[in-house]
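In: 3D model of this:
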Amino acid sequence: MTTVAAAQGFTRDADGYENLHMVVEGIHCPSCIRKIEGSLTQLAGVVSARVNLSTRRLAVSWEKGALEPEDVVARVEALGFRAVPFNPDLMRDQEAAEDKRLLRAIGVAGFAAANIMLLSVSVWSGNVSDMGEATRTLMHWISALIALPAIAYAGQPFFRSAARAIAARSLNMDVPISLAVLLAAGMSVFQTMQGGRHAYFDAAVMLLFFLLIGRYLDRRMRTRARSAVQNLLALRSRAAMVIWEDGRQRPLPLEALSPGMRVAVAAGERIPVDGIVTSGTGEVDTSLVTGESVPRTTRPGDLVYAGTLNLSGALELEVKAADEDTLLAEIVRLMEAAEQGRARYVRLADRAARVYAPAVHGLAGASFLGWLMLGGVGWEAALMTAITVLIITCPCALGLAVPAVQVVASGRLLEHGVLLKSGDGLERLAAINHVVFDKTGTLTVGAPELANRSEIDDDDLREAATIAAASRHPLARALVEAAGTVPVANHVHEEPGRGLSLGDVRLGSRAWCGVDEDKNDGNASELWFKRPGKPPVCFRFQDRLKTDAAPAIAALKRMGLAVELLSGDREGPVEAVARALGIDQSQAGKTPDQKIARLEKLAVQGRRVLMVGDGLNDAPALAAAFASMSPATGADISQTAADFVIQGNSLMPVVFTLDIARATRRLILQNFGLALIYNLIAVPIAVAGLVTPLIAAIAMSASSVVVIANAMRLKAPNAVARKATP
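Out: Next up, the predicted model:
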């Protein structure tokens, strides 16, 4: 298995690093994750090692040649875990089988606990009446006959995990649990053989019963809160129907496909590759890419993406990208990187858990010695108190406080067409108090149209369009569209925020082309075309505001945020947009450097700025802002520098994401508070010997379930005040 897992998950990236992606079986809590990550980062050459809490996927990167993939897998398996290649179908089957095993174990433990409790009630009643020693001992032996087989079967999930940890010379949360159960059962057998008045079979079995219920509920809640990555992976096809040169069709696995191949997609199937439609017409659900719920009519020449659903009509595609090179795979990588990112709250929880674990082990040892030497009790009672301390202080609630909320938040954002690219993006977004918008393509549709076509000479239009074809700016694209099919000029230089140049020929802003400022044209956006010896030509464009721009701006203001418009366009069109949307502060004619300077000035004034702009044209400003969002679709998603990517043309997701960020911060702080309150109450009571192992197990399981249940509140329809669509 070591070789298979290493071979299937190994890749090399463009930066020269080698990477390994695989699934790690046997992970039950954040302590397991810390153990794996900590051990792998100690290997020479390892740059990063991250385990996703939801999908259990491990991503390791190291310097080229420093390690072999088999070394990483061997280290993971030496820790007592099992590394397997990633297979979504196999994972679902394994999870279903594990759920069934847990339910069977719960049934066995519950049956045994109920019957033993009936016997225990008889013993307790007899202890205050006239039950004889022989009768009591018989009751204890009957309890043992029920309890011992039940413990041997129902305790397997804990025993196996503890055995793996001990074999790897480490500890996990299942070690003290297993120790508590086995000691309680062993001491009960000892007391029964000695004819003692007390046995703990009921406590041992009930301990298992409640722990199993807690683990099952934890699994079910994690399934409901399943990472957005897991949901995306379910959209991936396993094979594609390839059309060969002789017209025959035969399925091939995705890893065997290469660009240029032709594949057939029947109605109702998910599209397996990124490709160009060569034949057929159909309705395609593109919500994964565009964020829009309305299906798009797809015709020959259109680009379609893996994971989207062909609703009607048979399509033939020419493969452009397959398997790990598709947009879907890129989105999965971005989402995993974001979920595995380390925000300040996550780092705080990690540090607390690392300090907390050795502290409680020391506390348990001190409790044992204190009760044994100073408390005047026997070793049995002292040991049970120490084990109770270990059980009740397991830091699972603390470790789950942040990731449980983050996983739910990223899933909710993806449902509404927002991709989270930065691990600490939500944390920063929740703290912003100032929003800065770009204009073109952000507040406007980003599809300007040439408004003065009748005034432009055809030759001037074509010549300018050959230069404009080298740029992705919305005005340049509009110019090319107006000109029709034109060749792309070579050696064109683009100066961000100013324009294009080809030798002495310039296309861009008024200042870039040296045109006097008195030549004004009101509220229209413009491009100027300047050639030596010829008068400058002005191309004027009109763009439409997004339909939900005004409601989005109004909602941001109601949230108490200052809103500002910062654009590289001329003053006329910028002021017109600001007036239409009710934006009080606007600045026009700003270059990328000037935008950064404005953001830095706001930061000095104590403003925490959210920049919303074009992920390509505004990349420097997006990187300089406290937090950033960018509308993007298709291939732009992987290129934008923003913390959040809004798929589609709506602006209400900006408001929705802010609501989610604030709700996420609130729930994380609540979870920290719940974990703190639990420990402030539970630890002193356990050390004082006022809690049995049974109550400790119930309390520990309940604390983890409460934390996850609190995170699940983010999935409720009324968790945030606003929807992502108007």
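In: how far does the one helix or strand residue 161 maps to sit from the chain's center?
Out: The secondary structure element spanning residue 161 is helix 156-167 (assigned by DSSP states H and E). Taking CA atoms, centre = their mean, to the nearest Å, one finds helix 156-167 lying 29 Å from the centre of the chain it belongs to.
In: What helices and strands are in contact with it?
Out: Identification of packing neighbours for helix 156-167 by 3 or more CB pairs under 8 Å, 6 or more residues apart in numbering; DSSP states H and E yields helix 88-127, helix 174-193, helix 201-224. (Each C-beta comes from the backbone N, C-alpha and C, glycine too.)
In: Report the buried residues of the first one.
Out: Neighbour counts using 16 or more other CB atoms under 10 Å place 88, 91, 102, 105-106, 108-110, 112-113, 115-117, 119-120, 123, 126 of helix 88-127 among the buried residues.
In: any idea how far residue 272 is from residue 266?
Out: Between residue 266 and residue 272 the distance, using CB to CB, to the nearest Å, works out to 11 Å.
In: oh sorry, the question was meant for residue 628
Out: Computed with CB to CB, the distance linking residue 628 and residue 272 is 33 Å.
In: before we move on, what about residue 302?
Out: 16 Å.
In: Likewise for residue 566?
Out: As judged by CB to CB, residue 566 and residue 272 stand 42 Å apart.
In: between the two, who's got more neighbours?
Out: When neighbours are counted by other CB atoms under 10 Å, residue 566 and residue 272 differ, and residue 272 comes out ahead with 28 against 24.
In: How about the contacts made by that one?
Out: 237, 239, 240, 254, 263, 265, 306, 322 (CB atoms under 8 Å, 6 or more residues apart in numbering).
In: does residue 144 really touch residue 187, like I thought?
Out: No - no contact is recorded between residue 144 and residue 187 when judged using CB atoms under 8 Å, the distance being 11.8 Å.
In: Could you list the low-confidence segments of the stretch 351-500 of the chain?
Out: For the stretch 351-500 of the chain, applying pLDDT under 70 flags the ranges 351-358, 394-396, 398-399, 423.
In: do you know which of the helices and strands packed on helix 156-167 lies nearest residue 459?
Out: Minimum separation from residue 459 across the helices and strands packed on helix 156-167 (CB to CB) falls at helix 88-127, 56.4 Å.
In: Paired strands for the strand ranked longest in the chain, with orientation please.
Out: Taking DSSP state E as the assignment, the strand of the chain that covers the most residues is strand 17-25. Here the strand partners of strand 17-25, with direction, are listed using DSSP bridges: strand 10-12 (antiparallel), strand 57-63 (antiparallel), strand 82-84 (antiparallel).
In: Just want the angle from it to helix 88-127.
Out: Relative orientation of strand 17-25 and helix 88-127, computed by axes from the mean of the first three to the mean of the last three CA atoms, to 10 degrees: 40 degrees.
In: What helix or strand is residue 76 located in?
Out: Using DSSP H and E, residue 76 falls in helix 69-78.
In: And that helix, how far out from the chain middle?
Out: Mean C-alpha position of helix 69-78 versus that of the full chain (CA atoms, centre = their mean) differs by 25 Å.
In: Remind me what that helix packs against, helices and strands.
Out: In this structure, helix 69-78 makes packing contacts with helix 2-9, strand 17-25, helix 30-41, strand 57-63, strand 82-84, judged by 3+ CB pairs under 8 Å, 6+ apart.
In: how about a cut-off of 6 Å?
Out: Secondary structure elements in contact with helix 69-78, counted by 3 or more CB pairs under 6 Å, 6 or more residues apart in numbering; DSSP states H and E, are helix 2-9, strand 82-84.
In: average pLDDT for the longest one?
Out: The average pLDDT within helix 2-9 is 52.
In: Confirm that residue 527 sits in a strand.
Out: Yes - assignment of residue 527 by DSSP: H, G, I helix; E, B strand; the rest coil places it within a strand.
In: Count the residues that sit near residue 587.
Out: Residues lying near residue 587 (other CB under 10 Å) number 17.
In: should've said residue 458
Out: Taking other CB under 10 Å as the neighbour definition, residue 458 ends up with a count of 9.
In: And it, how far from residue 135?
Out: Relative to residue 135, residue 458 is positioned 110 Å away (criterion: CB to CB).
In: what's the answer for residue 316, then?
Out: The span separating residue 316 from residue 135 equals 82 Å under the rule CB to CB.
In: who's more crowded, these two?
Out: More neighbours sit around residue 316 than around the other of residue 316 and residue 135, counting by other CB under 10 Å; the figures are 17 against 13.
In: any idea of the mean pLDDT in stretch 626-633?
Out: Taken as a whole, stretch 626-633 has a mean pLDDT of 81.
In: Please apply the same query to stretch 46-54.
Out: Per-region confidence: stretch 46-54 scores 79 on mean pLDDT.
In: before we move on, what about stretch 139-158?
Out: Looking at stretch 139-158 alone, the average pLDDT works out to 92.
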